[in-house]
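A.B. asks: from the sequence below, what's the structure:
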Amino acid sequence: MIAISRELTYMQAILQKKSSKFTSLFTGDSTAFNNYLISVDLRIKGEWKNAGDRLVRCAEQYAGLRMFLEAAAVYYEAGDCYLKVDKDEAQKAWASAVKTFCDLNMYEVSGRIEKRIADLHFSFKHWEDAALHYRKAANFMLSDPEQSDHCLEKSAEALVHNGDCNQSHLVYENLALSCWKTNLRSFQANTMLMMAIISLFGSPVVVNLPVDEQAGKKKQQPHQQESVFSKPDVLATYQRQYRVKYDEIRQKIEEYNSFTSTWEASKERLFIKNLLSFRTEENYALLVDHIYYWNNLRPLSSVALMMLKVPVDEVTNMMQRREAIAKIEAEAAAKAAAEGKSKKLIPSKT
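C.D. replies: Purely as a prediction, here's the structure:
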């Protein structure tokens, strides 16, 4: 009897402990749901900030009860409320939703939320943050290659706007390989390779001028700065850097023959080859016309046109520098000729 009574006492303690646990769970769930109902009333009244705060409190309570799926859904809903009034708070709420969904191994849902965050940064022209979140979204949505590649393409566009064309070049190369692996998107591989080379075209050449010339550039007036860049040694430096840049592009064109079996005979490769030829010949008219006619037949994106503006400006600047050098040399020759004539007019002493 004593042993039986001990077992009964032990079982009663266990049941009492479980009962208190379920009671606290029910009470916490009711409190969280009450906060959700209050947020609904606040949204009806248009008080979006207070509604978002209530939803965040509700999500935190669900997370404390280890109801993570409910918490993640409420965090996402809170982000939608904050989006009406405070974009930063919306991003914080969505970031909490992404973290919670990742803990639940729901990566595709996390990727779609990351894409919304990236779209928000892209609309505000926060290019670096947009590129980062697009890359995260692409990694989360690897199970859907089409959506993943779309996010990578948007990331490349953000990198171009941020002035990082070398990174966008690598992204477009990866996109070309991804497209070539699938039957339906294999025809887009050559377009991605073309965009990868256009990214190299859009990478500006930076020439480190000597210290004294840089100081002179800062001190001189805008109309006098051309004299610094019109020096023959500076012109030769630019030409040397341009030669290195376009030799690399020429190598890439040949290297891409092994990427796909259609690149070597593609119109995209011919377009790039013609661009390279006209740029190295510094033929401004043919370069601009070639871009114009291609854009009429196969419209280029705004990002591609922005990158192609770089080689056009390079040709324009080189022409202006040569004209400035020729003008300076002509003025020097005229001055020397005038000094020679004046010396002849002076009578010799006898």
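A.B. asks: can you tell me the helix or strand for Ala265?
C.D. replies: If you go by DSSP states H and E, Ala265 is not part of any helix or strand.
A.B. asks: how many other residues sit next to it?
C.D. replies: 10 (other C-beta atoms under 10 Å). Yep, even glycine has a C-beta here, placed from its N, CA and C like the rest.
A.B. asks: list the contacts for the nearest residue to Arg185 once chain neighbours are set aside?
C.D. replies: Nearest in space to Arg185, with sequence neighbours left out and distances taken as C-beta to C-beta, 6 or more residues apart in numbering, is Cys179 at 4.4 Å. With contacts defined as C-beta atoms under 8 Å, 6 or more residues apart in numbering, Cys179 is in contact with Asp149, Arg185, Ser186, Gln188, Ala189, Met192.
A.B. asks: CA atoms only: put the strand or helix carrying Cys179 into PDB for me.
C.D. replies: Per DSSP H and E, Cys179 falls inside helix 165-180. C-alpha atoms of helix 165-180 as PDB (Å, rounded to 0.1, in the frame of the first residue of the first chain):
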ATOM      1  CA  CYS A 165      31.200  46.600 -63.200                       C
ATOM      2  CA  ASN A 166      33.900  44.000 -62.500                       C
ATOM      3  CA  GLN A 167      31.600  42.300 -60.000                       C
ATOM      4  CA  SER A 168      28.600  42.500 -62.400                       C
ATOM      5  CA  HIS A 169      30.800  40.900 -65.000                       C
ATOM      6  CA  LEU A 170      31.300  37.800 -62.800                       C
ATOM      7  CA  VAL A 171      27.600  37.600 -62.000                       C
ATOM      8  CA  TYR A 172      26.600  37.700 -65.700                       C
ATOM      9  CA  GLU A 173      29.100  34.900 -66.400                       C
ATOM     10  CA  ASN A 174      27.500  32.700 -63.700                       C
ATOM     11  CA  LEU A 175      24.100  33.500 -65.200                       C
ATOM     12  CA  ALA A 176      25.300  32.400 -68.600                       C
ATOM     13  CA  LEU A 177      26.400  29.100 -67.200                       C
ATOM     14  CA  SER A 178      23.100  28.600 -65.400                       C
ATOM     15  CA  CYS A 179      21.100  29.400 -68.500                       C
ATOM     16  CA  TRP A 180      23.200  27.000 -70.600                       C
END
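A.B. asks: skip ahead from it and say which helix or strand is next.
C.D. replies: Remark: after helix 165-180, the chain's next helix or strand is helix 189-201, criterion DSSP H and E.
A.B. asks: buried stuff in that following helix?
C.D. replies: 189-201 (16 or more other C-beta atoms under 10 Å).
A.B. asks: which outside residues touch it?
C.D. replies: Contact with helix 189-201 is made by 156, 160, 165-166, 168-170, 172-173, 175-177, 179-180, 245, 248-249, 252-253, 256, 259-260, 262-263, 266, 268-269, 271-272, 275, 279, 304, 307-308, 310-311, as judged by C-beta under 8 Å, 6+ apart.
A.B. asks: now swap in stretch 265-275 and tell me
C.D. replies: Contacts for stretch 265-275 (C-beta under 8 Å, 6+ apart): 190-191, 193-194, 197-198, 201, 249, 253, 256, 263, 287, 290-291, 294, 308, 311.
A.B. asks: neighbours of Asp129, how many?
C.D. replies: With other C-beta under 10 Å as criterion, Asp129 counts 17.
A.B. asks: residue contacts, it?
C.D. replies: Counting by C-beta under 8 Å, 6+ apart, Asp129 touches Ala118, His121.
A.B. asks: okay, the contacts of Cys179 in a markdown table with pLDDT and distance to Leu42 next?
C.D. replies: Below are the contacts of Cys179 laid out as a markdown table (pLDDT from 0 to 100; distance: C-beta to C-beta, whole Å):
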| residue | pLDDT | distance to Leu42 |
| --- | --- | --- |
| Asp149 | 94 | 40 |
| Arg185 | 87 | 46 |
| Ser186 | 89 | 51 |
| Gln188 | 92 | 47 |
| Ala189 | 94 | 51 |
| Met192 | 96 | 47 |
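A.B. asks: now the two most distant members of those residues.
C.D. replies: Checked with C-beta to C-beta, those reach their widest spread between Asp149 and Ser186, with 12.5 Å between them.
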